[in-house]
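J.: Dropping the sequence and predicted coords here.
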Amino acid sequence: MTALEIPKKPVPEKSRAETVRQRRGSKSRVKPETKKTKQMPHQTYRTGSLLLPGEPKLATRRTPVTSSRVRQAQTSGLHPHPMQTRAAGRMGTIKTGRQTSRQNGYDLAFSLGRTSVHAPAFSLPQLGPRWISAGLTLLLGLVLYSMVTAHTFMVSGAEVTGNQRLTAADVSAALGVTGQPIFNAIPSEIETNLRTAFPDLASVSVQVGFPNHIYVNVVERTPVLVWSQGGNITWVDSNGVSFMPRGNVAGLIPIAANGNPPKLSADPNQTAYNQAFIDPAMVQAIQTLYPQVPAGSPMIYDPAYGMGWQDPRGWSVYFGQNTQDIPMKEKVYQAILDTLTKQGTQPTLISVEYLDAPFYK
């Protein structure tokens, strides 16, 4: 009897990759258990939590670096251990947990430290607006003080133009700011000082320039009369304004006065140095009469008889205070003189102040 052979059920062959996976899995299960009994438990630290003292942390480009085992597992289709993947991906130069555990029993991940170098800092005091204002005020005060006391800004004189008889020294002496800082020079005040000191100035213009220049332009009055009274001599211009003589002027009409001329009311529209001493109409009359005066004889003024002259033949002639009808008065005077000459009468005084009542003595 022949024995029947029972056919064996064919066992499916496992793939080589599955076999390798099982082997590796069994090894990975056995080794951690044995290590847990023999070595200390694993302690994993974060990479950025530990710094080596004194070593700067270098900025490295994070490029995944895989170990030989990881590359083998990838080529064989197996998945690497998670610890290996993290260690290989985070820092390629750090050993994996399995390799470090064999040496010291710890999974330590080190990173290079970064040393921060700080320059020495200077802290400035916090100043408020009041302190800033006080500082600026003090600085401005020092600048003003230096400018006021500096010799560069001191007025030494004036540059005068338009003067004929006045000198620059005379004007500089009357400025009122000589030897003072230029900041004290006010043009209007300087003009007033000059007009008061020199009534013979018809107009004054003052300009101030830095650092210490004063420019003065003047227009002097033109005298027409020389008024002599009580031993004093005064010049009078065509507007009747009197002023002290200065220099020499030719062609002036001399007047010998026995008293003051009629007093004029003050003009409120004129300043004190523009007030007339003689009525401008009288000045005009004197200029009209002067050609009738004998050569070498001065004109005279008497408060009672008015203006006239002293004739060389021995009598005085007066035309009165009234300056009107001068041409007619001249004709009347010539008629009286002709009549007295024919009669052989020697007068001492002839007055034609009033045309309707002329007389002689």
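T.: Looks like it came in fine.

J.: how about the helices of this protein, start to end?
T.: Along the chain, the stretches classed as helices by DSSP state H are 16-38, 68-76, 82-90, 97-103, 129-149, 168-173, 187-197, 280-289, 326-343.

J.: what number of residues lie near Y360?
T.: Applying other C-beta atoms under 10 Å, we find 17 residues neighbouring Y360. The way it works is simple: take the backbone N, C-alpha and C, and place the C-beta from them, glycine included.

J.: Which residues are in contact with it?
T.: Neighbour list for Y360: 336, 340, 347, 349-351 [criterion: C-beta atoms under 8 Å, 6 or more residues apart in numbering].

J.: so, if you compare these, which one comes nearest to L201?
T.: Closest approach between the contacts of Y360 and L201, by C-beta to C-beta: S351, at 38.9 Å.

J.: which non-adjacent residue is nearest the closest one?
T.: Leaving aside its sequence neighbours, S351 sits nearest to Y318 (C-beta to C-beta, 6 or more residues apart in numbering; 4.8 Å).

J.: what's across from the one you found in the sheet?
T.: As for beta bridges, Y318 partners with G308, S351 under DSSP bridges.

J.: any idea how far it is from Y305?
T.: With distances taken as C-beta to C-beta, to the nearest Å, Y318 is found 4 Å from Y305.

J.: likewise A168?
T.: 45 Å.

J.: So which of the two has more stuff around it?
T.: Applying other C-beta under 10 Å to A168 and Y305 shows that Y305 carries more neighbours, namely 18 against 14.

J.: Help me confirm that the more buried one comes into contact with N322.
T.: No - with contact defined as C-beta atoms under 8 Å, Y305 does not count as touching N322 (11.4 Å).

J.: Would you map out the domains in the protein?
T.: Here the domain parsing of the chain from automatic domain parsing is 18-49+61-103, 150-219, 222-360.

J.: closest to A134 out of the ones you listed?
T.: domain 150-219 (23.9 Å).

J.: what residues are up against the nearest residue to W235 once chain neighbours are set aside?
T.: Leaving aside its chain neighbours, W235 sits nearest to P223 (3.7 Å; criterion: C-beta to C-beta, 6+ apart). Residues near P223 by C-beta under 8 Å, 6+ apart: 200, 235-237, 243, 245, 249, 252.

J.: can you tell me which of those are in strands?
T.: If you go by DSSP state E, the contacts of P223 have 235-237, 243 in strands.

J.: any idea which of those is closest to H151?
T.: Using C-beta to C-beta, these come closest to H151 at F243, 36.3 Å.

J.: thought I286 was touching P254?
T.: No - if you go by C-beta under 8 Å, I286 and P254 don't touch, sitting 10.5 Å apart.

J.: any shared contact partners between these two?
T.: 225, 299.

J.: Looking at those two, which is more packed in?
T.: A direct count of neighbours by other C-beta under 10 Å for I286 and P254 places I286 higher, at 22 against 15.

J.: Could you pull up the residues touching that one?
T.: By C-beta under 8 Å, 6+ apart, the contact list for I286 reads 225, 253, 255, 299, 307.

J.: Could I get the pLDDT score of the residue nearest to W235?
T.: On the pLDDT scale, P223 is placed at 94.

J.: Can you tell me how far it is from N258?
T.: 21 Å.

J.: Between Y305 and N322, which contacts overlap?
T.: Contacts common to Y305 and N322, judged by C-beta under 8 Å, 6+ apart, are E353.

J.: where does the stretch 1-150 of the chain dip in pLDDT?
T.: Across the stretch 1-150 of the chain, residues meeting the criterion (pLDDT under 70) sit at 1-125, 127, 147-148, 150.

J.: circling back to that earlier point, out of the contacts of Y360, which are buried?
T.: Neighbour counting by 16 or more other C-beta atoms under 10 Å classes 336, 347, 350-351 among those as buried.

J.: between those residues, which is nearest M282?
T.: Of all the buried ones among the contacts of Y360, M282 sits closest to S351, with 16.8 Å by C-beta to C-beta.

J.: contacting residues for that closest one?
T.: So S351 contacts 305, 317-318, 320, 358-360 (C-beta under 8 Å, 6+ apart).

J.: got those residues as CSV, with distance to A276 and pLDDT columns?
T.: Putting the contacts of S351 into CSV (distance: C-beta to C-beta, whole Å; pLDDT from 0 to 100) gives the following:
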residue, distance to A276, pLDDT
Y305, 22, 89
V317, 26, 89
Y318, 22, 89
G320, 20, 86
P358, 29, 87
F359, 31, 87
Y360, 33, 87
